[in-house]
Every structure is written in C-alpha cells, then in structure tokens.
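Trainee: Sequence and predicted model, in that order:
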Amino acid sequence: MPFLSPSSLKQAYRELLKLPDKTLRTIGLVSVIAGILLLFLTE
C-alpha cells in the first residue's frame, strides 16, 4: 500500500529501473494477458 509506506514504493521503483527493458516488457505483457483473462472469466 503506497500510502502506508511511500519509502517502500520508492525502493520498489528503484529496483524496477534496474531491470532490463526486455524483462519489463515481458512483465507488462503477462500482466495485460492476465487482466484480459480475468475479465473473460468473471463474466
């Protein structure tokens, strides 16, 4: 929860910035696919 611990959120963002672009794109793609699947499964 960002509002409970902003410093933890900042640290998490710093760690994400260290990841290679390909890894971030893969994480983003998997997140989008998971979201679409959840939409279809909850109908």
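Mentor: Received the coordinates, thanks.
Trainee: Tell me the buried residues in the longest helix along the chain?
Mentor: When the chain is scanned for its longest helix (criterion: DSSP state H), the result is helix 21-41. If you call a residue buried by 16 or more other Cβ atoms under 10 Å, then helix 21-41 has no buried ones at all. To be clear about C-beta, it is placed using only N, CA and C from the backbone, and glycine gets the same treatment.
Trainee: neighbouring contacts of that helix?
Mentor: Judged by Cβ atoms under 8 Å, 6 or more residues apart in numbering, the contacts made with helix 21-41 from elsewhere in the structure are residue 16.
Trainee: Residue 18 and residue 28, how far apart?
Mentor: Distance from residue 18 to residue 28, counting by Cβ to Cβ, to the nearest Å: 16 Å.
Trainee: and if you look at residue 4?
Mentor: Counting by Cβ to Cβ - residue 4 and residue 28 are separated by 25 Å.
Trainee: for residue 16, same thing?
Mentor: As for residue 16, its distance to residue 28 is 11 Å (criterion: Cβ to Cβ).
Trainee: Please apply the same query to residue 35.
Mentor: Counting by Cβ to Cβ, the gap between residue 35 and residue 28 amounts to 11 Å.
Trainee: And for residue 3?
Mentor: When Cβ to Cβ is the yardstick, residue 3 and residue 28 sit 24 Å from each other.
Trainee: next one: residue 10
Mentor: If you measure residue 10 against residue 28 using Cβ to Cβ, the figure is 20 Å.
Trainee: helix/strand/coil for residue 3?
Mentor: Secondary structure of residue 3, reduced to three states by DSSP: H, G, I helix; E, B strand; the rest coil: coil.
Trainee: Neighbours of it, how many?
Mentor: Here the count is done by other Cβ atoms under 10 Å, and residue 3 has 6 residues near it.
Trainee: what's near enough to touch it?
Mentor: Under the criterion of Cβ under 8 Å, 6+ apart, residue 3 has no contact partners.
Trainee: rerun that using 10 Å as the cut-off
Mentor: Contacts for residue 3 were tallied using Cβ atoms under 10 Å, 6 or more residues apart in numbering; they are residue 9.
Trainee: Thanks a lot, see you next time.
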